[in-house]
Structures are given as C-alpha cells and as structure tokens.
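Engineer: Sequence and predicted structure below; questions after.
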Amino acid sequence: MRHVRLPAPALRAMSPLVRLWWKVRRPTTFGVKALLRHPDSDRFLVVRHSYADTRRWGLPGGGYRPARETPQQAAAREIAEELGLRIAPADFSVLDTVTTTLEAKRDTLTVLAAAAPTENLMLSPELAEARWVRSVDELGDASVSRWLLAALDRAR
C-alpha cells in the first residue's frame, strides 16, 4: 500500500471528517505511540501534531493493521515517516497495551520505547514541532497527552 503525504492544511481539514466517520461507523482501530530516548542523554522526544490537538504535546505514532504488521513494525514505520529516523522493529520494547473507547471507536493502543539513533530529525508535515526534553515540566503550562504521561510512568 502506498502512503501519500498530505500538507498540514489538508490534514487539519480532514481531521473533523475522520472524527465524524468514527462516530457513525464506530470502528475498531489499532495504533502505536513511541517513547524515544535521546541517544546521548536522559532526554526523550515529544511532538506536537499539525492536524489535531495542535497545542498538545504527545508521542509520535499512528495507526496500523494487525494483519499487515506488528506493533513494533508499525512503530518503526511511523517513526521513519514522521521523523526520518530508522529504528529496527526489534529495537522497540512494549511498555503497555491499552484498549479504549475514546472518540466513539474501539482503539487498541500499544505504547513502545526505543533509543533514537540520532537527535537529528526530519519532520513530516504531520508534525508541527518536536523537542528533546528531560521532563514534561520543560513544556510549561502546555497540554500534555495522557499517553505521554503513561509512557513515562511505565518507562521508570
């Protein structure tokens, strides 16, 4: 399957339509989030997406189909697409797997962790910003994803 990269304005325009589809169809979805550790320090990567919750800091990741790839393969793919980093699927360890019914869909989310090979990133249009931080306190009063907080708690 070929992936098409859309510009940030197109992603923002599509986001409400996707959420409406979720409310109507109530699909079962699968996703991954990745806690990436800096290669040379105790920092970790946080990102802000360009298309939804644009002020919230969270983890990179995305959706996948279990019949086509494992959570580790999905995390490796998403990290390559969003950040330009190459990390082998075997280098990801599972921190947690959670099933939620947020946004009117049944979502199974796997949270994984890996060491980044470099701090240099090439952000895709899906991401508005990325930062290496030691603590979420460095983000000030900004909104922080509950998945980011849960991943940090699990990684300790």
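Structural biologist: Cool, got the structure.

Engineer: Which residue ranges of the chain form strands?
Structural biologist: According to DSSP state E, the chain carries its strands in the segments 28-37, 44-49, 56-58, 61-63, 93-100, 106-115, 127-133, 143-144.

Engineer: out of the ones you listed, nearest to residue 9?
Structural biologist: Of all the strands of the chain, it is strand 127-133 that lies closest to residue 9, at 11.9 Å by C-beta to C-beta. In short, each C-beta sits where N, CA and C put it, glycine included.

Engineer: neighbouring strands for the closest one, and are they parallel or not?
Structural biologist: Paired strands of strand 127-133, with direction, are strand 44-49 (antiparallel) (DSSP bridges).

Engineer: For residue 131, give the beta-bridge partners.
Structural biologist: Beta-bridge partners of residue 131, counted by DSSP bridges, are residue 46.

Engineer: Residue 46 is in contact with that one, correct?
Structural biologist: Yes. If you go by C-beta atoms under 8 Å, residue 131 and residue 46 touch, sitting 5.5 Å apart.

Engineer: List the residues that are in contact with both of those two.
Structural biologist: Shared contacts of residue 131 and residue 46, defined by C-beta atoms under 8 Å, 6 or more residues apart in numbering, are found at 57, 139.

Engineer: Compare neighbour counts for these two and give me the winner.
Structural biologist: Residue environment comparison for residue 131 versus residue 46 gives the larger neighbour count to residue 46, 25 against 14, counting by other C-beta atoms under 10 Å.

Engineer: which residues does the more buried one contact?
Structural biologist: Applying C-beta under 8 Å, 6+ apart, we find residue 46 in contact with 57-59, 130-131, 133, 136, 139, 144, 148.

Engineer: Which member of the residues you listed exhibits the greatest number of neighbouring residues?
Structural biologist: For those, counting by other C-beta under 10 Å, the largest number of neighbours falls to residue 59: 23 neighbours.

Engineer: Look up how far residue 119 lies from that residue.
Structural biologist: Here the criterion is C-beta to C-beta, to the nearest Å. By it, residue 59 lies 16 Å from residue 119.

Engineer: And residue 52, by the same measure?
Structural biologist: In this structure, residue 52 lies at 26 Å from residue 119, with C-beta to C-beta as the measure.

Engineer: What is the burial count for the closest residue to residue 81 other than its chain neighbours?
Structural biologist: Distance criterion C-beta to C-beta, 6 or more residues apart in numbering; nearest residue to residue 81, sequence neighbours excluded, is residue 124 at 5.9 Å. Taking other C-beta under 10 Å as the neighbour definition, residue 124 ends up with a count of 18.
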